[in-house]
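>>> any chance you could fold what I've pasted below:
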Amino acid sequence: MKKKFILSLLIACGIFYVGMAQEAASNTANMKEVMGLHDEVMEEMPKLVRLIGQLETKAQNSSDSQKYLDAIDDLKKANTSMMSWMEGFGKRFTADEMYKNRGLTAQKQQWLVEEKKKVIELREEIYGSLKQANSVLEEK
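Below is the predicted model of the structure:
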């Protein structure tokens with residue numbers, strides 16, 4: 001009976017530790033990682049602009065233009081989100097901190113964690129709008 005209790009306690013502690021480790025990992029960030037996420041999303045921006053043009057053409061030539069206009073709106077919102085994120089990020093960090101791996105204060109490290117979460121959400125928004133736009137364009 002005592003062995004079962006100790007085993008159960010060890011398992012519970014292990015589960016707790018794994019949960020805490022996962023939470024700690026989500027609350028950490030490094031500049032290279034955040035800038036990599038930014039760079040990944042930036043590579044999609046030309047596609048976004050191209051899709052807006054294609055959707056505008058389809059909307060002009062369609063009697064049912066609303067689906068194209070909705071997709072355009074989502075793409076433009078995603079673009080605005082990208083510009084806003086970059087502006088906010090640029091106000092918090094210097095170029096040396098971004099590109100030359102300069103050390104961050106504790107406050108800036110906390111900001112970096114926040115910015116990581118924001119850029120992950122931004123990535124989801126951009127990929128989602130691209131997916132929707134492509135889907136609308138592929139409809140017959």
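>>> mind giving me the packing neighbours of the longest helix seen in the chain?
The longest helix of the chain (DSSP state H) is helix 106-138. Judged by 3 or more CB pairs under 8 Å, 6 or more residues apart in numbering; DSSP states H and E, helix 106-138 is in contact with helix 31-42, helix 45-60, helix 66-92. C-beta: built from backbone N, CA, C; applies to glycine.
>>> give the buried residues for the longest one.
Judged by neighbour count using 16 or more other CB atoms under 10 Å, the buried positions of helix 66-92 are 67-68, 71-72, 74-75, 78-79, 81-82, 85, 89.
>>> packing partners for that helix?
For helix 66-92, the packing partners by 3+ CB pairs under 8 Å, 6+ apart are helix 31-42, helix 45-60, helix 106-138.
>>> ok, how many other residues are close to Asn61?
9 (other CB atoms under 10 Å).
>>> got the contact list for the residue nearest the centre of the chain?
Residue closest to the mean C-alpha point of the chain, counted by CA atoms, centre = their mean, is Ile120 at 2.1 Å. By CB atoms under 8 Å, 6 or more residues apart in numbering, Ile120 lies in contact with Leu37.
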